[in-house]
Structure formats: C-alpha cells, structure tokens
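Student: Return atomic coordinates for the entry below.
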Amino acid sequence: MSLLSVVLPSYNEEQNIANTARVLSGILEEAGIDYELIFVSDGSRDATYQEILKAARQNPRIKGVEFSRNFGKEASIFAGMQLALGDAVVVMDCDLQHPPQVILQMWKLWQDGYEVVEGIKLSRGKESLAHKLSAGLFYRIMSGMIKMDMNASSDYKLLDRKVVDVLAGLPERNTFFRALTFWAGFRTTSVEYEVQERLYGESKWSMWSLMKYAVSNVTSFSTLPLQLVMVLGIFSILFSIVLGIQTLVKYLMGTAVEGFTTVILLILIIGGFIMISLGIIGHYIARIYEEVKGRPKFIISRATDNVQGNVTGNWRKQ
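Tutor: Residues are numbered from 1 along each chain as shown. Take a look at the predicted model:
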C-alpha cells in the first residue's frame, strides 16, 4: 500500500496541534489511506513541541522535530520533505486553513498519474483590508518577477516521491518552495479550495513579514532586480541629457535661471538611483555570501522517537 506523508510547518501553534492531528488522522483513516503526519516546530516559543510529543505518544503515525531556533517556513517545509518516507507528500498549514478534505482529491489525482497537484485558492477567507492588500501586492510582484502566475497559488500541494527527491536534493540555502514546484516541471494539475478560518490563534504573517518574504523570494528566484539597475542607469542618463539640453538652450537664449536648483535636483535624483542600485547589488552579494558559506537550511535540536531519514544538524531523540 502506498504511504502518504503530510508535512505540517508549525510556529507557535500549541493550540492547533492536537486538533490538527485528530482531524487529519480521522479523515485519512476513514479513507483507508496509509499515512504519517510530520510536524516541524520552527523554533516555537510556546509549547508547540510538547504538544507534538503528546500527539506522537497517542498515535505512532505522528512524528515531529523541533528546530534549534526559528529558521522560517521554507526551512520547515524542506525539513519535512527530507524526513518524509511517503510515496507522495502533502505540504499544508498546521492551522487547517488549508481544508484537509482536499487531500483526498489530491490523492485521487496522484493515483491517476499526476506528479504535482497544486492547491489553488478561490478566496483568501476573512482577512483585514491591510493584509489582503499587502498579500495581493506581494503576489503581483512575484508573478511579474518570476514570470509565473502566483496570485492564487499556495504552499498546499501534493508532490510525488520523485519531485520531493528533486527539491530536497537542491543545494541552495535560500529557497522558494511555491515557485520551485513550478520550476521543477513534471505532470501537474490543480484543485481549488476555499481558505478556512482558524479555530485557534491568529496568523503569524504581518505586512512587514510579507514584505521581507517577498524580497527574499524574489532575489532567490529571479535576477530581474539586477536588470532594474541597468534600467535606472539608462533612465538617469536620458533624464540628464534632456535636462542638459534644456539648460543649454536657456543659457543661449539668455534666460538661464541663476542658482544651483538644477544641479541639486540632478545630484539628488542620480544619487537616489545610485543608492537603490547599490542596495540591490548588495542584497544579491549577501545572498551569494550566504550560499558560499554552505551552512544548512536548518538545525534539528529534538525529534520524536519514530523519526527516521537523513536529517541536518546534531540532535537527539526525545
């Protein structure tokens, strides 16, 4: 019988662990699917890992690990995929905003031969206006940068074992899981779902964290910002030429304006372009520096007794 692994990144989700484990186990057992649930505590500051331990003691199909510190959702996803033993792997949120019943549709499509099943959002559920605007801006930027439609995509996906092996084997430290599944190719289809309301807690994503996430993922998956440096340079040159011609014409006509207003404006505009360009280049150099050091994506400090597989970092079972 084929095994399904469900990877659940968890950050400060102590209130959701028990309910998520109960709901997913019930749905998968009722459907007769052999499964394992893999909770990854991303350096949580609450009792998330203790709740994972409790769930693992009650159900041997549940396993979990805890990072030594907060490494981010991307690291949690890749840690889960690295630990997964299933023939197919589903990645979903721990708070059940990704409706678990959709897993059955994904599983059926996988049995039909699809190797990547994308979860597509029909709506974003109940969110504040500021959060919807910031999320919408983020996905528009990402879609334009990486030339893929990311507007309704999510981390809710089912991946065949061969796809998991490809992604988990990538050597890069800075990853963007959502886009990498598009990049990897393979036979792909999609299912639609409505985002559910959280039963407990609140979203950990703020406008600021979304902005940082956007910058991080754009620069890890696209070189378009570097090309923007050249565009800024060309625009600066053209602006300077036009302004220079205008100044020369006024001087020859005897109507030149006295003072340094034009010079100051030129310095400010060109200086602004230079600083933006240096910032973009500096960010890419920082990314190169991080990759060259070759540090692991994550470090596991603790793991439940039933964890197997190749894990990164020094850890002991508990």
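Student: What are the buried residues along the host helix or strand of Ala56?
Tutor: In this assignment (DSSP states H and E), Ala56 forms part of helix 48-58. Along helix 48-58, these residues count as buried under the neighbour rule (16 or more other Cβ atoms under 10 Å): 48-49, 51-53, 55-56. Glycine gets a C-beta too; all of them are placed from N, C-alpha and C.
Student: residues near Asp42, how many?
Tutor: 26 (other Cβ atoms under 10 Å).
Student: ok, now which ones touch it?
Tutor: 9-11, 67, 70-73, 75-76 (Cβ atoms under 8 Å, 6 or more residues apart in numbering).
Student: Strands along the stretch 201-318 of the chain, start to end?
Tutor: Secondary structure of the stretch 201-318 of the chain (DSSP state E, counting those that start in this stretch): strands located at 300-303, 316-317.
Student: quick one: which of the buried residues of helix 48-58 is nearest Tyr284?
Tutor: Thr48 (34.3 Å; Cβ to Cβ).
Student: pLDDT score for the closest one?
Tutor: pLDDT, Thr48: 89.
Student: I'd say it and Leu8 touch.
Tutor: No. Counting by Cβ atoms under 8 Å, Thr48 does not reach Leu8; the two are 10.7 Å apart.
Student: Scan the contacts of Asp42 and report the most crowded one.
Tutor: Of the contacts of Asp42, with other Cβ under 10 Å as the count, Ser76 tops at 29 neighbours.
Student: and that residue, what element?
Tutor: Per DSSP H and E: helix 73-83 holds Ser76.
Student: and what of Glu192?
Tutor: Using DSSP H and E, Glu192 maps to strand 188-194.
Student: in its sheet, what does that strand sit against?
Tutor: With DSSP bridges as the test, strand 188-194 is paired with strand 116-123 (parallel).
Student: in the partner strand, what's buried?
Tutor: 116-119, 121.
Student: cool, and stretch 157-167?
Tutor: Those buried within stretch 157-167 under the rule 16+ other Cβ under 10 Å are 157-161, 163-164, 166-167.
Student: Stretch 227-243 now?
Tutor: Residues of stretch 227-243 classed as buried: 229, 232, 236 (neighbour count, 16+ other Cβ under 10 Å).
Student: And the helices in the stretch 101-250 of the chain?
Tutor: Taking DSSP state H, counting those that start in this stretch, the helices of the stretch 101-250 of the chain run over residues 102-111, 129-146, 161-168, 177-184, 207-221, 224-252.
Student: I'd like to know which elements the third one is packed against.
Tutor: Under the contact definition 3 or more Cβ pairs under 8 Å, 6 or more residues apart in numbering; DSSP states H and E, helix 161-168 sits against helix 73-83, strand 88-91, helix 177-184.
Student: quick one, which of these is nearest to Leu248?
Tutor: That would be helix 177-184 among these, by Cβ to Cβ, at 48.9 Å.
Student: so who does Thr188 touch?
Tutor: 114-118, 181.
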